[in-house]
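Asker: Based on what follows, work out the 3D shape:
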Amino acid sequence: MSSTKTTPRTQRPSHKGLAVKRGMSGLGLFATKTIPKGTFLIEYVGEIISQDESNERGGQYLFTVERGKVIDGSTRKNTARYINHSCRPNAEAEMDGTRIYISAKRTIMPGEEIAYDYGKEFWNEYIKPKGCHCDKCTEKKKKVKK
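Answerer: As a prediction, this is how the structure comes out:
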């Protein structure tokens, strides 16, 4: 996963208003209350490792943050790891050095799953071979079947 945006944050993450439940693609992170556009949701956390180490470990929870640095977000303490991909996301990942902050791209309603675009590289390696399960792609598949 990667992001091209860089925005510094001073606020600490808050898990209030978020819950892990069954989502569009396994477990997902959901809003339990209305979240206004621009609200800081959560930080993507984990061990910071080298690019070489991430290549050895592999996996889907590796988030490239800066040249040669990767966050291994596979730890269960990383609640942000439950945020799924969407081709029409309601959240976005923002980088500040080796830190990743997730914020609301638009107002998110209670019960709505939090999702951001994982980027082209992740898409090609993990999502494309299995097919995307986001709302946008699911709607498109239903229209094609009709």
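Asker: This protein: helices as residue ranges?
Answerer: 51-57, 120-122, 135-145 (DSSP state H).
Asker: Kindly provide the whole-number mean pLDDT of the second one.
Answerer: Throughout helix 120-122, pLDDT has a mean value of 84.
Asker: what's the answer for the last one, then?
Answerer: Rounded to a whole number, the mean pLDDT of helix 135-145 is 70.
Asker: swap in stretch 46-57?
Answerer: 94.
Asker: how about low-confidence regions in this protein?
Answerer: Along the chain, segments meeting pLDDT under 70 span 1-15, 24, 140-146.
Asker: List the contacts of the residue most central in space within the chain.
Answerer: Nearest to the mean C-alpha position of the chain, by Cα atoms, centre = their mean, lies Ile83 at 4.4 Å. Shown in contact with Ile83 (Cβ atoms under 8 Å, 6 or more residues apart in numbering): Gly28, Leu29, Ile42, Ala91, Ile102, Ile114, Ala115, Tyr116. Any C-beta I mention is one placed from the backbone N, CA and C, and that applies to glycine too.
Asker: Looks like the last one contacts Ala91 (just checking).
Answerer: The reference is to Tyr116. Yes - taking contacts as Cβ atoms under 8 Å, Tyr116 lies within contact range of Ala91: 4.6 Å.
Asker: joint contacts of these two?
Answerer: Ile83, Ile102, Lys105.
Asker: just to revisit the earlier point, between the helices of the chain, which one is nearest to Asp96?
Answerer: Checking the helices of the chain against Asp96 by Cβ to Cβ gives helix 51-57 as the closest, at 19.0 Å.
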